[in-house]
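**Q** Next come a sequence and a model predicted from it.
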Amino acid sequence: MSERGVAGSILSLVVLYGLAGCGLGQAHLRGADGRLAPCDRDRCVSSLSEDPAYAIEPLRYQGGRDHARQALMEVIEATPRLRVDAAQDDYIHATATSRIMRFVDDLELVFAEQPGRIDVRSASRLGYSDFGVNRERVEALRRQFEAQSP
């Protein structure tokens, strides 16, 4: 490869990496009414979706909400590249950042009025498809949460 080709390749990589790290894309989080945003593309899963393409089971727990919330926070905080951005009594918003391209996904968890249920939504900010990453993230979170719950 010529010197010019190498320089062009390096410049392209720098630009791509820089753009990816800018946090392109916007978060579509729950509204003022407290409801999670609906899924509208193949880069999202939600326990509130009736569409099988986006539907995923909510997280379940036994016992008190405070214990479940604490266990869930511990799982999130122990998960690499996942960080809590907002936490309220009934709501947790965390962001997951991909290792290489630094793409950001949003994970939302809402403790439902119905005891023992945590509604979940996980969505990529960019792209048309997430190649199943959000579904895998929620299922991994479920396994770790269930392992911590009595």
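**A** Thanks, I have the structure now. Numbers count the residues shown, from 1 in each chain.
**Q** Tell me who's in contact with the most centrally placed residue in the chain.
**A** Centroid check for the chain by C-alpha atoms, centre = their mean gives L107 as the closest residue, at 2.9 Å. For L107, the contact set (C-beta atoms under 8 Å, 6 or more residues apart in numbering) comprises 76, 82, 92-96, 120-122, 137-138, 141. C-beta coordinates here come from the backbone N, C-alpha and C atoms, glycine included.
**Q** do that again at 10 Å, thanks
**A** With contact taken as C-beta atoms under 10 Å, 6 or more residues apart in numbering, L107 is in contact with 76, 79, 82-85, 92-96, 120-123, 134, 137-138, 141.
**Q** Which helix or strand contains it?
**A** strand 104-111 (DSSP states H and E).
**Q** C-terminal to that strand, what's the next element?
**A** strand 117-124.
**Q** who does that next one touch, helix- and strand-wise?
**A** Judged by 3 or more C-beta pairs under 10 Å, 6 or more residues apart in numbering; DSSP states H and E, strand 117-124 is in contact with strand 44-46, strand 59-60, helix 65-78, strand 91-97, strand 104-111, helix 133-148.
**Q** thinking again about what came up before, any chance of a ChimeraX selection covering the buried ones in the contacts of L107?
**A** In ChimeraX, a selection of the buried entries from those looks like this (16 or more other C-beta atoms under 10 Å):
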select :76,79,82,92,93,94,95,96,120,121,122,123,134,137,138,141
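**Q** still on that earlier bit, reformat the helices and strands packed on strand 117-124 as CSV; add mean pLDDT.
**A** As requested, these are exported to CSV (pLDDT from 0 to 100):
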stretch, mean pLDDT
strand 44-46, 96
strand 59-60, 98
helix 65-78, 96
strand 91-97, 96
strand 104-111, 97
helix 133-148, 96
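**Q** Now distance to A53 too, for the ones you listed, in a markdown table please.
**A** Conversion of these to a markdown table gives the following (distance: least, C-beta to C-beta, whole Å):
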| stretch | distance to A53 |
| --- | --- |
| strand 44-46 | 9 |
| strand 59-60 | 20 |
| helix 65-78 | 26 |
| strand 91-97 | 21 |
| strand 104-111 | 17 |
| helix 133-148 | 10 |
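**Q** Looking at these, spot the one closest to A27.
**A** strand 104-111 (4.9 Å; C-beta to C-beta).
**Q** How far away from the center of its chain is the closest one?
**A** 5 Å (C-alpha atoms, centre = their mean, to the nearest Å).
**Q** Alright, that wraps it up for me.
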